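Peer 1: Below are the sequence and a predicted model for it; my questions follow.
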Amino acid sequence: MKIVIIDGYNELFKHQSGENLEQKRLSYIQDICHRYQSFSGRVFLVFDGKYGNKSHKKPQKNIFLYFSSNPQEADDYICDLIQKHHKNELEIITRDEKIKRFAKTYSCKTRSHSSHSTKKQKRTKSITPSLEDHENQLFRLALKMRDDNSSE
């Protein structure tokens, strides 16, 4: 099975502008879900977490969101995922040289952000996140995407 692991904030800050951090992240997650909606493998999108609680969300059947647990950073969590899934066909999307070197020790393909453009695409329907806490926003996004996929 092919697995793509994306260094979330690394990619987000390279390609998203404007908006507050949570809006950028939600918009980026939507972009990734749209981009990989017909992808037959899995996509692991990893962000730095906070407050010591690792979390995992699944906004789409093949997209998995991970938030690292403080003090573990997303980079370390990505390396853990590489170790866990290295027998699969892995592609790592990051600009981080430490992660790239680590991935190459497991014979993973790596791509930098310059070759993985995520320019915003025009949407016919947008989701405006409320100012509630981040997990509620992600949960609503996941429900919305599930409903959109069900109606197609």
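Peer 2: Nice, I can see it.

Peer 1: Can you show me the strands along this protein?
Peer 2: Remark: strands assigned in the chain by DSSP state E are 2-7, 42-47, 55-60, 63-67, 89-93, 109-111.

Peer 1: what angle sits between the first one and strand 63-67?
Peer 2: To tie it back to what came earlier, the one meant is strand 2-7. On the basis of axes from the mean of the first three to the mean of the last three CA atoms, to 10 degrees, strand 2-7 is oriented at 30 degrees to strand 63-67.

Peer 1: Which residues does strand 2-7 contact?
Peer 2: Strand 2-7 is contacted from outside by 32, 36, 39-46, 74-75, 78, 81-82, 85, 88-96, 99, using CB atoms under 8 Å, 6 or more residues apart in numbering. Any C-beta I mention is one placed from the backbone N, CA and C, and that applies to glycine too.

Peer 1: ok, now with 7 Å
Peer 2: Counting by CB atoms under 7 Å, 6 or more residues apart in numbering, strand 2-7 makes contact with 32, 41-46, 74, 78, 81-82, 85, 88-94, 96, 99, all of which sit outside it.

Peer 1: Partner strands of that strand and their direction?
Peer 2: Take DSSP bridges as the rule and strand 2-7 pairs in its sheet with strand 42-47 (parallel), strand 89-93 (parallel).
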